[in-house]
Every structure is written in structure tokens, then in C-alpha cells.
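Participant: Here is a sequence together with a model predicted from it:
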Amino acid sequence: KNPVKDAEAKAEYDKYKAQMGDKEYHARHILVPTEEEAKALIAKLKAGGKFEELAKAGKDASAANGGDLDWASPGNYVPEFSNAMVALQKGAITDTPVKTQYGYHVIKLEDTRPAKVPPFEEVKQQVNESLQQRKLQAFREELMKKAKVQ
């Protein structure tokens, strides 16, 4: 009874595209619990230490891969991390530790590339299904609010 209109789907797609941005970033990071540890790592890196080796001391899942976070858009990360990452030049490492809710990060930017967002026609069906699910959820919640439970 309540189909998703093309305009709604296109608006949702445009919102997603704007969130993604026009670039993807390939970064590595080392996550440690304290600022002192992060500063010590930066000093070791400046003295010629290999990022991939030092990253193995990191406290997250990427440590085993030398801190590799693969390709992602800045929107995939918490703001403090993505702001520091996008400010880096290719091959550069953050000069100071980046504090987030997870701890302290030392970030290295490997490379950037234009983001690949599939054309609207290619993902229209998925966008429609997602919006339909959201509408259904909202409708169910509305019914629950009106229901009298005794």
C-alpha cells in the first residue's frame, strides 16, 4: 500500500553518495592505549623504524596485518581519525598521536583514489528494499505505540 517512490530512493542514494565523499583512502594505523606509547612509536618511526613491523604491537585486529586498514571512505571512521587521515600527504605519518574513543592512533596514509560509487540504476533495487524495510519498521513502531497492552 505504501511503495517507495523513485524520488525517495534517489534522495537516499544521493545522501549515501555525499557521505562517501569523492575519495577513498588506503591507510595503516597503530592503536595503543596511551599517548606515551603512541609518541614513542612516532619517535621510532622517525628514526627509521618500519611501520608494518611496529604496527604488530597495536591493540586491534589490524595489528596482525601491519596495521593495514585497506581502502575505505573517511565516513567509515570516527571523525577524529578521518580528519587526521585526510590531512596527510601520501606516504606521511601523523606527527602527533590521534586520540579517539578507542585509544591513541599513529596513522600512515598509503594512497588515495577516486571513490567508486555504483550508478543509481545499478543499486536502485537495494535502495528501494532498504527504504521499504525502514518504512515497515516505522509503521510497526507506530502500531505498537497505539496498542493497549493489558
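Facilitator: Ah, there it is.

Participant: for whichever strand or helix holds residue 15, packing partners?
Facilitator: Per DSSP states H and E, residue 15 falls inside helix 6-20. Identification of packing neighbours for helix 6-20 by 3 or more C-beta pairs under 8 Å, 6 or more residues apart in numbering; DSSP states H and E yields helix 120-146. C-beta: built from backbone N, CA, C; applies to glycine.

Participant: Counting neighbours, which bits of the helix it packs on end up buried?
Facilitator: Going by neighbour count (16 or more other C-beta atoms under 10 Å), the buried part of helix 120-146 is 124, 127, 128, 131.

Participant: a strand runs through residue 71, doesn't it?
Facilitator: Yes. Residue 71: assigned to a strand according to DSSP: H, G, I helix; E, B strand; the rest coil.

Participant: correct me, but it touches residue 23?
Facilitator: No. In this structure, residue 71 is not within contact of residue 23 by C-beta atoms under 8 Å, at 10.2 Å.

Participant: overlap in contacts of these two?
Facilitator: residue 113 (C-beta atoms under 8 Å, 6 or more residues apart in numbering).

Participant: And these two? Which one has more around it.
Facilitator: More neighbours surround residue 71 than the other of residue 71 and residue 23, with 15 against 12 (other C-beta atoms under 10 Å).

Participant: what pairs with that one across the strands?
Facilitator: residue 26 (DSSP bridges).
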